[in-house]
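# here are the coordinates; sequence isn't available:
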């Protein structure tokens, strides 16, 4: 029994010793990709379209509100109630559109970034396998120290064919 425990202990040690963990700064890599300019342009275009749609709704609301104010004295109680309901419905629609705007932008952003994430993932896979890493995590603000030998950010950029300056390489 004691022998079995020792064997299991050594198997555990060798398994742990074979693990090589690296990190990559995906946000930095994304910021360096030339395709990001296209993504920014697409997002700005989409945001402009959302603004145009919102302004149309607001203009429609203003026209209805103005028409209601002008003709309110001549309307029957039922017509007033119908017009007020229209205004309230349109107002609620505008508020909902404003609330959903940020969500719509985030969905569109993810849609545009998905091909870039795929490209980064493929490059990461090649680099990690070539350097025999068994795990790769993403860097974040909680990381206090990182041995540069385990940072795969620059090799991934190189694999993607993205040029980097010596200053960037030192800073990374």
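That came through fine. Because the structure is a prediction, the values reported are computed rather than measured.
# What's the local residue count around residue 48?
By the criterion of other C-beta atoms under 10 Å, residue 48 has 10 neighbours. Every residue, glycine included, has its C-beta placed from N, CA and C.
# can you pull the pLDDT of the nearest residue to residue 80 once chain neighbours are set aside?
Spatial nearest neighbour of residue 80, excluding adjacent residues (C-beta to C-beta, 6 or more residues apart in numbering): residue 72 at 6.7 Å. Listed pLDDT for residue 72 reads 84.
# A strand includes residue 72, no?
No. The assignment for residue 72, made by DSSP: H, G, I helix; E, B strand; the rest coil, is helix rather than a strand.
# Against residue 112, how distant is it?
From residue 72 across to residue 112, the span is 47 Å (C-beta to C-beta, to the nearest Å).
# Pick out whichever of these two has more residues nearby.
Ranked by neighbour count (other C-beta under 10 Å), residue 72 and residue 112 place residue 112 first, with 18 against 12.
# can you give me the strands for the chain?
Along the chain, the segments classed as strands by DSSP state E run 21-24, 135-138.
# pLDDT of the first one, averaged?
Strand 21-24 shows a mean pLDDT of 92.
# distance between it and the chain's centre?
Averaging C-alpha positions (C-alpha atoms, centre = their mean, to the nearest Å) puts strand 21-24 21 Å from its chain's average.
# Buried residues of it, list them for me.
22, 23, 24 (16 or more other C-beta atoms under 10 Å).
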